[in-house]
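Peer 1: sequence and predicted structure, then a few things I'm wondering about:
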Amino acid sequence: MRRILVSALLLAALVGLGIYCYDAGRAYDLLVDNHDMTLGEKTYSGERDVNVILSKYEPIEMTAQDTMVSTVAGKKHTITVEILDENYEVAETVTGKFTLKDPKKRFLNIPAFLGKDPGWIMENPRN
Amino acid sequence: MKNIKDFLEKAGWPRIIIALFLLTLFVVAPFVEVRVDASISDTLVRFGMNGVMVLAMVPMIQSGCGLNFGLPLGIIAGLLGAVTSIEIGIPGVLGILIAMAVAVPIAVVLGWAYGLLLNRVKGGEMMIATYVGFSSVAFMCIMWLVLPYKSSNMVWGYAGKGLRTTISVEGFWHKAISDIGSFHIGDFFYCPTGMFLFLGLMCLGMWFFLKTKTGTAMTTVGSNPEYARSSGVNIDNMRTISVILSTVLGAIGIIIYEQSFGFVQLYMGPFYMAFPAVSAILIGGASVHKATIMNVIIGTILFQGILTMTPSVINSMIQTDMSEVIRIIVSNGMILYALTRVMRVKKS
Amino acid sequence: MTKQSKFSKNNLSHLLAANAVPIVFILISVIGIPLSKFSPGYLVQEMLVRLSRDSFLVLSLLIPIMAGMGLNFGMVLGAMAGQIGLIFISDWNIVGIHGMVLAMLISTPLAIFLGWMCGAILNRAKGREMVTGFILGFFMNGIYQLVVLYGFGKVIPIQNAKLVLSRGFGVRNVTNLEGIRKCLDNLIPFEISGVSVPLATFLVIAVFCVFVVWFRRTKLGQDMRAVGQDMDVARSAGIPVERTRLISIMISTVLACYGQIIFLQNIGTMNTYNSHEQAGMFAIASLLVGGASVSRASILNVFVGVVLFHLMFVVSPMAGKHLIGEAQLGEYFRVFVSYGIIAIALVLHAWRRFKERERSRSALRGEAA
């Protein structure tokens, strides 16, 4: 009886590990965008050069009105945006967290994020 | 009813399943636009091509050495004969005879050494045969590069030395034996009578040999070694004779194969050639310990039939090329079945 | 009693004979390395990589040898199971170490099933385990192709179109494993004087070695060794012989599955239809080169064998090129050596077994030894 219980627990643990790996390892292609964006009534401008760092990945260097692709694994991430001045030095750093929920919303607009707009993760507006 | 049951048991289920499968393929063929006469012709040609090499399995099975996975050794002797014959350059049946004349002595020597080896490793023959076969093919790969053949038909163009991977026998002895007495019916049906005559000759020769004193001694060594020993038969000598015979038949077999196929395949060509022959004789009803000429004929027809029919019919049916996969499954499955059947025999 | 030094003539010649194969390979390497003109730094890095990549596969061969099943040619089945797991995670786009672990998790049940089937078949072919395992490998290759070339995309759904052949079903010849490339190797980054060391992988291998040593001491391990020594004696001692043999093959197959995944994560791409074929052959050749025999193998054989075999493998083509002017010759040479070494090991084993049987038979008959 005890052996069956232990085996069942072990199996459950392994299945749990599998589900965890699936979640944490699933890779998503994200579009990171620095264009001007109008959401509702507010307009955010993407005029500054920025470095975007998602979780522990390499910094994504972006100029104004730029779009880059980034592949990340897992749904929960931290985002750090380093705003650069004319000498390409870091003038300001803004951090945040996000969770990817909607499979259609894979477009990250940085100006909207900097403007603290809750809809900064959206569907690709150019489709 | 009982007769049918007896027949089923004697024939063995795998054989029956394969025969029914082949029959189904032939029946379905016309409905999927596959020409039956072309198919029958192809099957017959392939039967003749492979028959001698399947026959080569018989001596070693009968003498208790198991399935001759080391057939590549004999094939190498045959390749040397074929290549030498092309180097000399005489065409036609004479060319083939020269090839055989060169190949057979080499095969005898190789077979003798191989037999000595197998006698020292009784019980583990099949695995060793496989790897001796593999190693010798790999060794010959080095040799084909180095041997001093010069004929422009055979060597690499720009370097001038080292044999090519595939050598055409067109213009030399392509179909030299197949064409003897051959005939055509319509555009699609070709019957290589010459090859059948040759195969028949070889089978007859084997059948006679098995009835001679040496032949029966060889069979006894395989089926009942203790009795053989007490009758004064030298077991090791008999086994060596069977190995030499098998290697020689392998050498002759590949030459027959080449004259029909049209090409001599060197380097890694002979690497896996033992397996179709082993499968064929097992499909024909042979076991690891016992094989008859009937097994050779039935097995080769069934096996080559499946190899010919499956690509054309199944590809036309479901628009996919499954032939390679089916070939792997059928031929290896057959060998697997035979290897695991040994237990039941031993138990009874 | 005179105190003989340990290195007396008898002991030395016995040592040489027992380790003939590794010694020959050391000689080949000693001759070949200078001929190939490779730098020592390059060779050290190469060997380190190959040790981390191939050792797990070779280690999986130890347990069946212990149980008397000989060389487990059926380890190819485990490799196939691992590859199917990798196809799935490539389809679902799972990357990094999570991808590798998930691949291992989902291919384990398949590997267990295949190992069970292989063990059951081998039990029906006692005395011919190696040939049967060998042919079973080819047979399962056919089934694998049936599933992967025709089933995937049709019966088994594949979402990622990049994996599928242009005709709409069947997995492509090359499966890109870029997502999990070196995920285990680089898990713990480590470098010594310019040579990067895949620390995590070596840790996993070390854990496995500890497992093997521990396993030998468990009851199951002892049972296996008893079965390996003599099946009838073990049976009369009450050991469930068939079940023990079956378990040894099952463990070996699952380990081969993980070994193949570790192997492929290092390479980063998978030849969907070829990668597994070579896995068995190279692993067995490596083990034999390390001095193991069909009936006895140790962990030392594994590592020595991997290094020596791969040294020969890497060095031969270049040595052939500089010696004779043809790299092709060196390549054929290493194929010849790979197969030849297995042939020699099989011959030695069968010869020893045959001699033993003769000795016991003549003892029974009461003849002089």
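Peer 2: Thanks, I have the structure now.

Peer 1: near chain A, which residues of chain C show up?
Peer 2: C:89, C:92-99, C:101-102, C:105-106, C:179 (C-beta under 8 Å from any C-beta of the partner chain). All C-beta atoms are positioned from the backbone trio N, CA, C, and that covers glycine.

Peer 1: buried residues in stretch B:228-244, which are they?
Peer 2: B:Ala228, B:Val233, B:Ile235, B:Met238, B:Arg239, B:Thr240, B:Ile241, B:Ser242, B:Val243, B:Ile244 (16 or more other C-beta atoms under 10 Å in any protein chain shown).

Peer 1: oh sorry, the question was meant for stretch C:350-369
Peer 2: C:Ala350, C:Trp351, C:Arg353, C:Phe354.

Peer 1: for the record, mean pLDDT for it?
Peer 2: Summarised as a single mean, pLDDT over stretch C:350-369 is 74.

Peer 1: hmm, who's touching that stretch?
Peer 2: Stretch C:350-369 is contacted from outside by B:Arg120, B:Val121, B:Lys122, B:Gly123, B:Gly124, B:Glu125, B:Met127, B:Ile128, using C-beta atoms under 8 Å, 6 or more residues apart in numbering or on different chains.

Peer 1: do that again at 7 Å, thanks
Peer 2: B:Arg120, B:Val121, B:Lys122, B:Gly123, B:Gly124, B:Ile128 (C-beta atoms under 7 Å, 6 or more residues apart in numbering or on different chains).

Peer 1: what sits against the third one?
Peer 2: B:Lys122 makes contacts with C:Phe354, as judged by C-beta under 7 Å, 6+ apart.

Peer 1: quick one: C:Asp91 and C:Pro157 touch, right?
Peer 2: No: C:Asp91 is not in contact with C:Pro157 according to C-beta atoms under 7 Å; the separation is 8.6 Å.

Peer 1: more neighbours, the two?
Peer 2: C:Asp91 (21 against 8; other C-beta atoms under 10 Å in any protein chain shown).

Peer 1: check the spacing between that one and B:Val52 real quick.
Peer 2: 48 Å (C-beta to C-beta, to the nearest Å).

Peer 1: C:Leu62 too?
Peer 2: From C:Leu62 to B:Val52 the distance is 43 Å (C-beta to C-beta).

Peer 1: then A:Pro103?
Peer 2: 64 Å.

Peer 1: these two: which is more packed in?
Peer 2: Applying other C-beta under 10 Å to A:Pro103 and B:Val52 shows that B:Val52 carries more neighbours, namely 28 against 7.

Peer 1: can you pull the alpha-carbon coordinates of stretch C:167-177 into PDB?
Peer 2: What follows is stretch C:167-177, C-alpha atoms only, in PDB (Å, rounded to 0.1, in the frame of the first residue of the first chain):
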ATOM      1  CA  ARG C 167       4.900  17.400 -48.700                       C
ATOM      2  CA  GLY C 168       3.000  18.200 -45.500                       C
ATOM      3  CA  PHE C 169       3.800  15.300 -43.200                       C
ATOM      4  CA  GLY C 170       6.900  13.700 -41.900                       C
ATOM      5  CA  VAL C 171       9.700  15.300 -39.900                       C
ATOM      6  CA  ARG C 172      12.500  17.000 -41.800                       C
ATOM      7  CA  ASN C 173      15.900  15.300 -42.200                       C
ATOM      8  CA  VAL C 174      17.500  17.800 -39.900                       C
ATOM      9  CA  THR C 175      15.900  18.900 -36.700                       C
ATOM     10  CA  ASN C 176      17.200  22.200 -35.400                       C
ATOM     11  CA  LEU C 177      17.900  21.900 -31.700                       C
END
